[in-house]
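K.L.:
sequence first, predicted coordinates after that:
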Amino acid sequence: MALYVAPSPTRPDPVLHPSYFTSSLYTESLRNDIKLLTSTFRTRFLQDTAKPAFPLFKDIWSSHGWKWIHLRVLNDKSRERSQHVTCRLLIENIVQSEDALTQAAALFALYSFYNTQPNDTTPSLWQLSYIPITTDDLIHIYSLPERLQAPNLRSARLSVLYILRQMDIKQTFLLLPESRTSPHSPTNLPRERYVPQGDVLLSEAPVAKKRGRPTKNEKTKRLRAHIGDLDGWLDQTEQLVETSSGATTLNPLDDYKRSKLALLSLIDPPDAGLSEGQVVIANANAQVLDRLKEARTLLSDGDTTMVPRDGTGGIERVENALQDMARGSGRGVLSLLDGSGQR
């Protein structure tokens, strides 16, 4: 029996998946390229409006590398998707741009892209026979010459009229229903969004809690989350001191004192005599003292010997602060930070 050497398997050529051309990786880059192409044409055309518009655009088209655009993908399915998406984004630039000269440049790009498709290659490449377009977008494109009536835009207007005439003769467009019916597929571009590695997309849907003991991985995630929350809280409440340059930053204690003084100056001005604000402050101090006594009774079960009676802290100091306020010194518990109540 004769033995033959088995042929080695050949690796298939790498092919871009059709979904790549509807993803943000392709659509965002192409939008930027279209914007650069149209803005470059607009800038150079306005520098010398006597030059023919379309020959100038062809030079920019070639210098920016657009002449190689049809060779980026050869697979039929991927090529079909890329051709449709590219035409759709060019039409989008025509419709959404506010400047008429930028719209004309996008129309030049659409015309060049469609008419430079290779048709004599071996093997043959898939070709776009018609450009799908909604009726309202087509009306907007055919009204472009009316927006190029300025004398310095005459060259661009003549080129637009010629291109529209040629597209009409060749029946380039495939009409779709109005844009409000969303006739394109996919409806919006990009359909897929690329998320860089390491970024986290938070879901609004509640996550069901698993039964049983948490795994080591879950414990680690919870610990990291708690540490992150703690770090955030510390960043918000960090007490910053005066810097070497003499600039000071917000200190929570100083901020509290300023807010307290501002409030007291509003409800109890120093030169207002006996005011309604003094009555409110006195009642608030009495309520605070009563609540502290109730809490002491509950915690000590009626045994008040556990509370220090030297006047250095606790309820004894609050009582002393209220006595000082009655003699016209301080504002009771609001003046504890200022030393009120100490004996």
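P.N.:
Great, that's in hand.

K.L.:
and residue 55, how many neighbours does it have?
P.N.:
10 (other C-beta atoms under 10 Å). From N, CA and C alone the C-beta is placed, and that goes for glycine too.

K.L.:
double-check that it belongs to a strand.
P.N.:
No: read with DSSP: H, G, I helix; E, B strand; the rest coil, residue 55 is helix and lies in no strand.

K.L.:
domain-wise, how is the chain divided?
P.N.:
Listed by automatic domain parsing, the domain ranges of the chain are 18-181, 252-338.

K.L.:
and the strands in this structure?
P.N.:
131-134, 173-176 (DSSP state E).

K.L.:
show me what the last one is packed against.
P.N.:
Going back to what we said before, that points to strand 173-176. On a contact count with 3 or more C-beta pairs under 8 Å, 6 or more residues apart in numbering; DSSP states H and E, strand 173-176 meets strand 131-134, helix 135-142.

K.L.:
now the last one: buried residues?
P.N.:
The neighbour-count check on helix 135-142 (16 or more other C-beta atoms under 10 Å) flags 137, 138, 140, 141 as buried.

K.L.:
where exactly do the helices run in the protein?
P.N.:
24-47, 53-63, 76-96, 100-115, 135-142, 154-169, 216-237, 252-267, 276-300, 314-326 (DSSP state H).

K.L.:
counting by contacts, list what the second one packs against.
P.N.:
In other words, helix 53-63. helix 24-47, helix 100-115, helix 154-169.

K.L.:
one step back: among the helices of the chain, which is the most enclosed?
P.N.:
Most buried of the helices of the chain, by mean neighbour count (mean count of other C-beta atoms under 10 Å): helix 100-115, with a mean of 23.

K.L.:
who touches that one?
P.N.:
Contacts to helix 100-115, defined as C-beta atoms under 8 Å, 6 or more residues apart in numbering, come from residues 34, 37-39, 41-42, 45-46, 53-54, 57-58, 61, 66, 69, 86-87, 90-91, 93-94, 97, 128, 131, 141, 144, 147-148, 153, 156, 159-160, 163-164, 166-167, 172.

K.L.:
repeat that with 7 Å
P.N.:
34, 37-38, 41-42, 45, 54, 57, 61, 69, 86-87, 90-91, 93-94, 97, 128, 131, 141, 144, 147-148, 153, 156, 160, 163, 167, 172 (C-beta atoms under 7 Å, 6 or more residues apart in numbering).

K.L.:
once you drop chain neighbours, what's closest to residue 57?
P.N.:
Take residue 57 and drop its neighbours on the chain: the residue closest to it by C-beta to C-beta, 6 or more residues apart in numbering is residue 108, 4.5 Å away.

K.L.:
how close does the one you found sit to residue 294?
P.N.:
Here residue 108 is placed at a distance of 84 Å from residue 294 (C-beta to C-beta, to the nearest Å).

K.L.:
what do you get for residue 252?
P.N.:
Following C-beta to C-beta, the distance that separates residue 252 from residue 294 is 29 Å.

K.L.:
can you pull the contacts of residue 155?
P.N.:
49, 52, 53.

K.L.:
flag the least confident of the residues you listed.
P.N.:
Within these, residue 49 has the lowest pLDDT, namely 85.

K.L.:
residue contacts, that residue?
P.N.:
Neighbours of residue 49 in contact, by C-beta under 7 Å, 6+ apart: 152, 155.

K.L.:
next one: phi and psi at it?
P.N.:
Torsion angles at residue 49 (phi, psi; degrees, to the nearest 10) stand at phi -70, psi -10.

K.L.:
want to throw the helices and strands packed on strand 173-176 into TSV with distance to residue 82 and mean pLDDT?
P.N.:
Converted to TSV, the helices and strands packed on strand 173-176 look like this (distance: least, C-beta to C-beta, whole Å; pLDDT from 0 to 100):
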stretch	distance to residue 82	mean pLDDT
strand 131-134	14	96
helix 135-142	20	96
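
K.L.:
mind putting the ones you listed into TSV with distance to residue 17?
P.N.:
Shown next, in TSV, are the helices and strands packed on strand 173-176 (distance: least, C-beta to C-beta, whole Å):
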stretch	distance to residue 17
strand 131-134	21
helix 135-142	28
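
K.L.:
so which of the ones you listed is nearest residue 213?
P.N.:
strand 131-134 (57.1 Å; C-beta to C-beta).

K.L.:
quick one: that closest one to chain centroid distance?
P.N.:
In terms of C-alpha atoms, centre = their mean, to the nearest Å, the centre of strand 131-134 is set 31 Å apart from its chain centre.

K.L.:
dump that strand to CSV, restricted to CA.
P.N.:
Extracted in CSV, the C-alpha atoms of strand 131-134 (Å, rounded to 0.1, in the frame of the first residue of the first chain):
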residue,chain,number,x,y,z
ILE,A,131,-26.6,54.2,-2.3
PRO,A,132,-29.5,53.8,0.1
ILE,A,133,-30.8,57.1,1.2
THR,A,134,-34.0,58.4,2.8
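
K.L.:
who does it pair up with?
P.N.:
Strand 131-134 has the following strand partners under DSSP bridges: strand 173-176 (parallel).

K.L.:
export the strand it pairs with to CSV, keeping only CA atoms.
P.N.:
C-alpha atoms of strand 173-176 as CSV (Å, rounded to 0.1, in the frame of the first residue of the first chain):
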residue,chain,number,x,y,z
PHE,A,173,-29.7,56.4,-5.1
LEU,A,174,-32.0,53.7,-3.7
LEU,A,175,-34.9,55.5,-2.0
LEU,A,176,-35.9,54.6,1.5
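
K.L.:
many thanks, we can stop here.
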